[in-house]
Every structure is written in structure tokens, then in C-alpha cells.
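Enquirer: Quick one: sequence and predicted model below, then my questions.
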Amino acid sequence: MALAHLQPPSWRAGDLADAERSLAHLLGRLPAGSEQAPLAIRLAPGCACSPEGDGDPAWRTLAAAMQAADGQAIATEVEDGTHEVLILATGHRLVYAGPLVPDPALCGNGPPATRLRQWLPQLLARTRTALVGASCACTSPRRLSSPRLPLR
């Protein structure tokens, strides 16, 4: 899938500055050496930013894809996170901030739990400004189906 297709005019983009602020608050707490590989960070796991029931399968799928790309996937609670997930390329370079289940206008109508996994190679290779989806406030806590990995 070509990256040019990943940002149609109808897609509601979020504020890059918000995503960068969230990342700046996390940088000092990330695991040592994490900048040497891709990293997915789930912010405020348990929030219902994704359609009901789609967030946890999407996180498990993305985490498996990150491991296959020799990267890591971690989850943490943050007080000021405005996006459900941040995806960083090597060097902690932000390439995506947004929901775990992106809008089909951004990526097509693939199964919700696999959308980010399908884009991961293109996202990690992205050299332009990060793709930033509309911010998502935590509206209703959900019980986690996978353990949280604390940040250092």
C-alpha cells in the first residue's frame, strides 16, 4: 500500500504538537536501548478510543508485528496522552500517533484489528512528518485483557 494513499483529504488529522508533547513526556522513561529499534507505545490502555472490542485485538496484532520487525511494544498509563498509540521508528522518530483502529478513510477497509499491522512496514520507512490521527480522550475505562508493561 502506497503511503501517499494513507492521508486522503477527507481524513481528520490531529495536532502533531500534541503527539510530540506526549512523546517528550515519555522519552526519559522508555527502556534503555529502546531507540535502537522500532517501538509501539500504547498510551492509557483500557481507554475506549477504538470501537468497542477492537482495541485489544488490534494491540495484540500490532505488538506481534512490532516483534516481527525486531521492535518492542509497551503499554503505559499517562495522564496527558491524547492518542491511543504512538509508533516510533528507530531513533525514537515519531511516525504515527492515533487510534489503534484507524479510520478506514486513512487505510482502507481491512479488518480493524489488522490495519496498523498492515501499514507497519510503510510507517517505519516513512521519512516525512508523522501521520497523526485526531486526538482521543479517554472516555470510558475498560478492563485490560493483556498485562501492562511498566516503563522504567
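Expert: Here it is on my side, so go on.

Enquirer: mind listing what the residue lying closest to Leu62 once chain neighbours are set aside touches?
Expert: Spatial nearest neighbour of Leu62, chain neighbours left out: Leu116 (4.9 Å); criterion: CB to CB, 6 or more residues apart in numbering. C-beta here means a position set from N, CA and C on the backbone, and glycine is covered the same way. Shown in contact with Leu116 (CB atoms under 8 Å, 6 or more residues apart in numbering): 58, 61-62, 65, 85, 87, 96, 100, 102, 123.

Enquirer: again, only using 10 Å
Expert: Taking CB atoms under 10 Å, 6 or more residues apart in numbering, we find Leu116 in contact with 40, 58-59, 61-62, 65-66, 85, 87, 96, 98-102, 107, 110, 123.

Enquirer: quick one: low-confidence parts of the chain?
Expert: Scanning the chain for pLDDT under 70 picks out the ranges 1-12, 44-55, 79-81, 104-109, 136-152.

Enquirer: one step back: kindly confirm my reading that the residue nearest to Leu62 forms part of a strand.
Expert: No. Leu116: not assigned to a strand; according to DSSP: H, G, I helix; E, B strand; the rest coil it is helix.

Enquirer: for the protein, what spans make up the strands?
Expert: For the chain, strands defined by DSSP state E occupy the ranges 39-43, 72-76, 85-89, 93-98, 131-132.

Enquirer: Please, where are all the helices along this protein?
Expert: 16-27, 55-68, 104-107, 115-125 (DSSP state H).

Enquirer: Quick one: closest of those to Val132.
Expert: Judged by CB to CB, the one of the helices of the chain that comes nearest to Val132 is helix 16-27, at 5.0 Å.

Enquirer: Tabulate the helices of the chain in TSV, adding columns for distance to Leu131.
Expert: Formatted as TSV, the helices of the chain follow (distance: least, CB to CB, whole Å):
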stretch	distance to Leu131
helix 16-27	9
helix 55-68	14
helix 104-107	8
helix 115-125	7
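
Enquirer: Of those helices, which is nearest Ser135?
Expert: Smallest distance to Ser135 across those (CB to CB): 5.8 Å, for helix 16-27.

Enquirer: From the contacts of Leu116, list the buried ones, please.
Expert: Neighbour counting with 16 or more other CB atoms under 10 Å marks 40, 58-59, 61-62, 65-66, 85, 87, 96, 98-102, 107, 123 as buried within the contacts of Leu116.
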